[in-house]
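# any chance you could fold what I've pasted below:
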Amino acid sequence: MRKGNLFIISGPSGAGKGTLVEAITPMVADLWLSLSVTTRAPRPGEHEGLQYRFVSDAEFAALIENDALLEWAEVHGQRYGTPKDAVVEKMAEGRQVILEIDPQGAFKVKQRVPESVLIFITPPSFEELARRLSGRGSETEAQVEKRLETAKHELGLVGEYDHVVRNDDVSRAAQELAALIESHANVPTPTPKDG
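All right, here's what the predicted structure looks like:
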């Protein structure tokens, strides 16, 4: 059994985090993607239990009250959080656990789980990021502008991460990300020396 690890993947909205995670899923046999809970409504094409667990404000408040979240944050007026028990359980099973969360949440998890690995996904350029966000068509112009303002701040945090993957080509970036995960997963667990 391999050593279980926690990888926190973040980066600005539109950087392609979800696309890369989807691309590496068949490349890393023991990968497990943690599903965040959110109070926001599903976007077109999103389904309960696939991209997120969609919960009410009251349900989210109960998760906070019961210390059932590894981290939580309010982002763009909605709350997002990471359920704690499943992450701990999957790491104990030797799985490579992925959290796809914003930097605010990433740093909270790093404080609680210091051995976690922070990976930042960057777009090829800020202009390309703006094009991707506008092209989604799922948000108003004002919402896109707000996301771009947030992205400027988030891109300034790159130096706080353990690794940076530039998503200029999905296939290449996915190979790089999978190799990073494999390199951490294949570190042997220390064994006691005979004495």
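# please count neighbours and contacts with C-alpha atoms only from this point.
Fine.
# which residues are in contact with the residue nearest in space to the middle of the chain?
Geometric centre of the chain, nearest residue: Glu100, 1.2 Å, by CA atoms, centre = their mean. With contacts defined as CA atoms under 8 Å, 6 or more residues apart in numbering, the neighbours of Glu100 are 8-10, 17-18, 34.
# now swap in Leu6 and tell me
For Leu6, the residues meeting the contact criterion (CA under 8 Å, 6+ apart) are 91, 96-99, 115-117.
# please apply the same query to Ala73.
Contacts for Ala73 (CA under 8 Å, 6+ apart) come out as 79-81, 104-105.
# likewise Met1?
Taking CA under 8 Å, 6+ apart as the definition of contact, the neighbours of Met1 are Gly94.
# the chain should start at 57 in everything you say after this.
In the new count, where the first residue is 57, that last one comes out as Met57.
# and the lowest-mean-pLDDT helix or strand in the chain, how far out from the chain middle?
Averaged element by element with mean pLDDT, DSSP states H and E, the chain has its least confident helix or strand at helix 182-192 (a mean of 83). Relative to the centre of its chain, helix 182-192 is centred 20 Å away, using CA atoms, centre = their mean, to the nearest Å.
# ok, then the element right after it?
Along the chain past helix 182-192, the next helix or strand (assigned with DSSP states H and E) turns out to be helix 197-211.
# and that next one, what's buried?
By neighbour count with 16 or more other CA atoms under 10 Å, helix 197-211 contains the buried residues 200, 203-204, 207, 210-211.
# so Phe176 sits in a strand?
Yes. Secondary structure assignment (DSSP: H, G, I helix; E, B strand; the rest coil) places Phe176 inside a strand.
# residues in contact with it?
If a contact means CA under 8 Å, 6+ apart, then Phe176 has 65-67, 214, 217, 219-221 as its contacts.
# beta partners of it?
Per DSSP bridges, residues listed as beta-bridge partners of Phe176: Ser66, Val220.
# model confidence for it, exactly?
What the model reports as pLDDT for Phe176 is 96.
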